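Participant: Below are the sequence and a predicted model; questions follow.
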Amino acid sequence: MDDRARQNDPDFAVRARENQARLTSALQPSYDLIVCGAGSSGSVVARRLAENADVQVLLLEAGGSDESEAVLDPALWPSNLGSNRDWGFRAQPNPHLDGREIPMSMGKGLGGGSSINVMVWARGHRSDWEHFASEAGDSRWGYESALGIYRRIENWQGAPDPKFRGTGGPLWVQPAPSPSPIALAMLDAARELDIPVFDHPNGPMMERAGGAAITDLLVQNGRRRSLYRAYVHPWLDRPNLTVLTEALVRRVVFQGRRATGIELVHDGKPMVIGARMEVVLSLGAIQTPKVLMHSGIGDRAELETFGVSVVENLPGVGRNLQDHVSFGCTWELSEPLAPRNSGSEATMYWKSRPEMHAPDLLFCQVEFPVPSERTAARGVPAHGWTMFAGLARPESRGRLRLQSADPADPLIIEANFLSDSRDVTTATACVELCREMGNAQAFHPFVRGEAMPGNLKGDALDRYIRDAAVTYWHQSCTAKMGRDAMSVVDGALKVYGVDALRVADGSIMPRVTTGNTQAPCAVIGERAAEMIRETHGL
């Protein structure tokens, strides 16, 4: 029986619930593999490893269930931000943004970010994957390999395209159905500016300089289809996969230089659970480096400052923090127009300079106003839409720092948006293109006028950019894969200098991918599972 048939079985929900109740009420002292984090990568790793019935897998998640309308209803995704399903991270005051503190939401609960995000399925550009392969020294991270994984894991619901799209995989991927007239107008506006329009955004468009298309979404029958729902949920009735929620990982336990388990807090009680084969950290770009540092893996000088015993001196842990930064431009609608689907149905990737061969700008159209806390003071229309436009390849780099040896204390997050002057130059080109798009003839039937920024130049435009800057929630790259002194994991995602410990999440990216990070994190999970199976002959 395949996943879809099993989940349609009326007895499945009962079997799954009873099975997990049995497994979690009698936790074993050790498992073959422990996967920490049930997000976009961890869900994939846990499922693929548990497909071998002889392997006992423990999947740990700090948050709770995804059984909530706020999660499952695509239109309600904004209500998750700031809720108990959000870690609620907040960056330090940024001098490059006039001292602003940027909220940096990340998913906490089954599905992680894939349970609270905008459900966009964006594979990344060909050049991203070729860069990964170059950094890892392994062609299996290259574009053709990634494309093969995407075809294998997709169940594509659009027009057949066997070269680029797959069918029969666990992930239901579809173009936004019955998109808003505003979304279609964005495609027409792109044509006015001689920007190519494509049938979907995950094929030839991301092998070239970019273009515009209706967004691909992980939505099935009007319900969110998170990576957890696609991979783990159908497997909850299996006796060899234990999914433990409300389980906060504090540190990795070592014997010598070998990871042998995890120290965690479950329902307020500390415990240690062993791992016979490996531990996999899939906690995301904030929590993964945090756990590494508290486990004694990181910059020696910083760890010793707080009295953390050093297991391995890896100065790259917590460095290289990257994120897509956005500058919302808003137009007032002539009359109310209700958002459809997730409220974000059209996307565009383009370049800030004509000589470029790959896009460095990212545009997601949002069918309601999205101001920052600063730009909201300029006046937000009651009915409007936003071009959520930003930097697809930022040059600025941030850093994560410990503030104590206590794992209960949060990290210090230095996001450093716009700290590199090249990003300010690119942001200016981004906003100018955004205004040109939004003021195109295609939007005239729907729009009363431009609400912000308006025709600003020089210092006034620079001020707007710094006031408008917000995160795309694509934090990544803080435990990067590579072969230089700042790399944390090798091409097999093994943490340098220790045994039986891997990282599989967005933190391993050498640079943030061009576009939303959910889909690349699925590939990272698939690659991690493949390599673990190879290592242990599973």
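Facilitator: Structure's in. What do you need?
Participant: Domain-wise, how is the protein divided?
Facilitator: What automatic domain parsing lists as the domains of the chain is 3-66+226-319+477-536, 69-100+177-225+324-471.
Participant: Make CSV out of the ones you listed and add distance to Ala146, mean neighbour count and mean pLDDT.
Facilitator: C-beta: built from backbone N, CA, C; applies to glycine. Putting the domains of the chain into CSV (distance: least, C-beta to C-beta, whole Å; neighbours: other C-beta atoms under 10 Å; pLDDT from 0 to 100) gives the following:
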stretch, distance to Ala146, mean neighbour count, mean pLDDT
domain 3-66+226-319+477-536, 5, 21, 97
domain 69-100+177-225+324-471, 11, 19, 97
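Participant: can you map out the helices along this protein?
Facilitator: Ranges of helices in the chain, per DSSP state H, are 3-8, 12-25, 42-50, 69-72, 126-136, 143-153, 181-192, 227-231, 284-294, 300-305, 421-438, 458-468, 518-536.
Participant: Need the residues that contact the shortest one.
Facilitator: It refers to helix 69-72. Here helix 69-72 makes contact (C-beta atoms under 8 Å, 6 or more residues apart in numbering) with 66, 76-77, 79-80, 83, 85, 109, 111, 115-116, 223-224, 226.
Participant: can you redo those as CSV with distance to Val57?
Facilitator: Listed next are these as CSV, based on distance: C-beta to C-beta, whole Å:
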residue, distance to Val57
Asp66, 19
Leu76, 31
Trp77, 29
Ser79, 32
Asn80, 27
Ser83, 29
Arg85, 24
Gly109, 19
Gly111, 17
Ser115, 20
Ile116, 24
Arg223, 26
Arg224, 24
Ser226, 19
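Participant: excluding its backbone neighbours, what's nearest Pro339?
Facilitator: Excluding the flanking residues, the one nearest Pro339 by C-beta to C-beta, 6 or more residues apart in numbering is Glu367, at 3.8 Å.
Participant: quick one, what contacts the residue lying closest to Ser334 once chain neighbours are set aside?
Facilitator: Distances taken as C-beta to C-beta, 6+ apart place Arg448 nearest to Ser334, at 4.9 Å, with adjacent residues excluded. By C-beta under 8 Å, 6+ apart, the contact set of Arg448 is 331-334, 381.
Participant: at 10 Å what do you get?
Facilitator: Counting by C-beta atoms under 10 Å, 6 or more residues apart in numbering, Arg448 makes contact with 331-335, 381, 383-384.
Participant: From those residues, which land in strands?
Facilitator: 331-333, 384 (DSSP state E).
Participant: Farthest pair within the residues you listed?
Facilitator: In the ones in strands among the contacts of Arg448, two members sit farther apart than any others by C-beta to C-beta. They are Trp331 and Leu333, at 7.2 Å.
Participant: For those two, list the residues in contact with both.
Facilitator: Shared contacts of Trp331 and Leu333, defined by C-beta under 10 Å, 6+ apart, comprise 182, 369, 381, 384-385, 443, 446-449, 451.
Participant: want to throw these into JSON lines with distance to Ala485?
Facilitator: Formatted as JSON lines, those follow (distance: C-beta to C-beta, whole Å):
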{"residue": "Ile182", "distance to Ala485": "48"}
{"residue": "Pro369", "distance to Ala485": "45"}
{"residue": "Pro381", "distance to Ala485": "50"}
{"residue": "Gly384", "distance to Ala485": "48"}
{"residue": "Trp385", "distance to Ala485": "46"}
{"residue": "Phe443", "distance to Ala485": "50"}
{"residue": "Phe446", "distance to Ala485": "53"}
{"residue": "Val447", "distance to Ala485": "51"}
{"residue": "Arg448", "distance to Ala485": "55"}
{"residue": "Gly449", "distance to Ala485": "53"}
{"residue": "Ala451", "distance to Ala485": "48"}
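Participant: chain center to stretch 247-262, what's the gap?
Facilitator: The chain centroid and the centroid of stretch 247-262 are separated by 25 Å under C-alpha atoms, centre = their mean, to the nearest Å.
Participant: Alpha carbons only: can I get that stretch in PDB?
Facilitator: Output of stretch 247-262 as PDB, limited to C-alpha atoms (Å, rounded to 0.1, in the frame of the first residue of the first chain):
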ATOM      1  CA  ALA A 247      11.800  17.500  22.900                       C
ATOM      2  CA  LEU A 248      14.400  20.300  23.100                       C
ATOM      3  CA  VAL A 249      17.900  19.200  22.100                       C
ATOM      4  CA  ARG A 250      20.500  20.700  24.400                       C
ATOM      5  CA  ARG A 251      23.800  19.100  23.200                       C
ATOM      6  CA  VAL A 252      25.400  16.100  21.500                       C
ATOM      7  CA  VAL A 253      26.900  13.600  23.800                       C
ATOM      8  CA  PHE A 254      30.500  12.400  23.000                       C
ATOM      9  CA  GLN A 255      32.700   9.500  24.000                       C
ATOM     10  CA  GLY A 256      36.100  10.800  23.000                       C
ATOM     11  CA  ARG A 257      35.500  12.200  19.500                       C
ATOM     12  CA  ARG A 258      32.500  10.000  18.700                       C
ATOM     13  CA  ALA A 259      28.900  11.200  19.000                       C
ATOM     14  CA  THR A 260      27.100   8.600  21.000                       C
ATOM     15  CA  GLY A 261      23.800  10.300  21.800                       C
ATOM     16  CA  ILE A 262      21.800  13.400  22.600                       C
END
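Participant: and Asp188, what is it in contact with?
Facilitator: Asp188 makes contact with 197, 212, 440-443 under the criterion C-beta under 10 Å, 6+ apart.
Participant: Mind telling me the two of the contacts of helix 69-72 farthest from one another?
Facilitator: For those, the farthest-apart pair by C-beta to C-beta is Ser83 and Arg223; their separation is 18.6 Å.
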